[in-house]
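# Next one to model:
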Amino acid sequence: MKNAAKKWRLQMIGAAAALLGIIVLATYLLPPANAEQRTNVQSPSANKAQLANSEVYTAYIEGIRVEDGKLMLTVDKVGWYQGEEANTVFKQRNPDAGIDEAPDGYYIVNDNKEQEQVEVKADAKVLMQLYDHDGTMQGAEIQWNEPVSLSKFESLYGDTRIVDLSVFPYHLTVQDGKVIQIVQQYIP
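Residues are numbered from 1 along each chain as shown. All right, here's what the predicted structure looks like:
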């Protein structure tokens with residue numbers, strides 16, 4: 001009887017540990033419940049009138065460096081599609097995929113891997129969705145359109161221990177040849 005009770009206790013401890021592991025993994029690997037609704041975090045500001053002499057495009061930031069006292073981004077421009085437009089482009093480019101819609105409601109096209117250098121204006125606005133707030137996995141949580149300083153963004157970009165910011169696309173607003181706004185695009 002003693003061995004049966006001991007065996008049962010070990011099985012319960014193992015089951016509890018497995019359940020705890022599943023909960024922890026689900027917490028960090030699954031997108032939040034409202035993530036599907038918020039894949040386009042730029043839309044509120046994009047609906048405003050565009051500034052004179054400016055353009056907005058989506059790009060991956062491949063590198064950040066200071067050159068002659070100016071912050072420079074190395075960017076790879078991409079096509080960003082969402083909603084029905086994403087579904088249309090996805091179907092055209094993947095006719096044999098076996099699904100009718102773009103996964104997660106967005107689709108990225110990067111046919112040209114050419115990189116460009118662009119200067120960032122010293123007072124550029126930066127809006128983040130997900131980054132490492134405190135050096136822990138728990139601190140890497142979504143906070144929609146959270147403003148951070150340009151210097152904080154620069155230091156966050158270089159720290160890939162918890163969240164690698166280079167895997168996210170960014171909506172860049174460029175005016176008179178300089179980036180005036182950087183908006184991280186959350187992707188589930």
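
# Which element, helix or strand, includes residue 92?
Using DSSP states H and E, residue 92 maps to helix 83-93.

# Convert the C-alpha atoms of that helix to CSV, please.
The C-alpha coordinates for helix 83-93 follow below in CSV (Å, rounded to 0.1, in the frame of the first residue of the first chain):
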residue,chain,number,x,y,z
GLY,A,83,-7.9,42.5,-44.3
GLU,A,84,-9.4,41.8,-47.7
GLU,A,85,-6.4,43.2,-49.5
ALA,A,86,-4.2,40.7,-47.6
ASN,A,87,-6.5,37.9,-48.6
THR,A,88,-6.5,38.9,-52.2
VAL,A,89,-2.7,39.2,-52.4
PHE,A,90,-2.3,36.0,-50.5
LYS,A,91,-4.5,34.0,-52.9
GLN,A,92,-2.8,35.5,-55.9
ARG,A,93,0.7,34.6,-54.6
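
# Point out the other helices and strands that it packs with.
Using 3 or more CB pairs under 8 Å, 6 or more residues apart in numbering; DSSP states H and E as the contact test, the elements touching helix 83-93 are strand 70-82, strand 106-109. To be clear about C-beta, it is placed using only N, CA and C from the backbone, and glycine gets the same treatment.

# what mean pLDDT does it have?
Averaging pLDDT along helix 83-93 gives 96.

# got the buried residues for that helix?
Judged by neighbour count (16 or more other CB atoms under 10 Å), helix 83-93 contains these buried residues: 86, 87, 89, 90.

# what's the most distant pair in those residues?
Within the buried residues of helix 83-93, 87 and 89 form the most distant pair, 7.6 Å apart (CB to CB).

# Now render the helices and strands packed on helix 83-93 as CSV, adding distance to residue 99 and mean neighbour count.
Shown next, in CSV, are the helices and strands packed on helix 83-93 (distance: least, CB to CB, whole Å; neighbours: other CB atoms under 10 Å):
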stretch, distance to residue 99, mean neighbour count
strand 70-82, 15, 18
strand 106-109, 12, 18
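
# Rebuild these as a markdown table, extending it with distance to residue 142.
Below are those laid out as a markdown table (distance: least, CB to CB, whole Å):
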| stretch | distance to residue 142 |
| --- | --- |
| strand 70-82 | 18 |
| strand 106-109 | 16 |
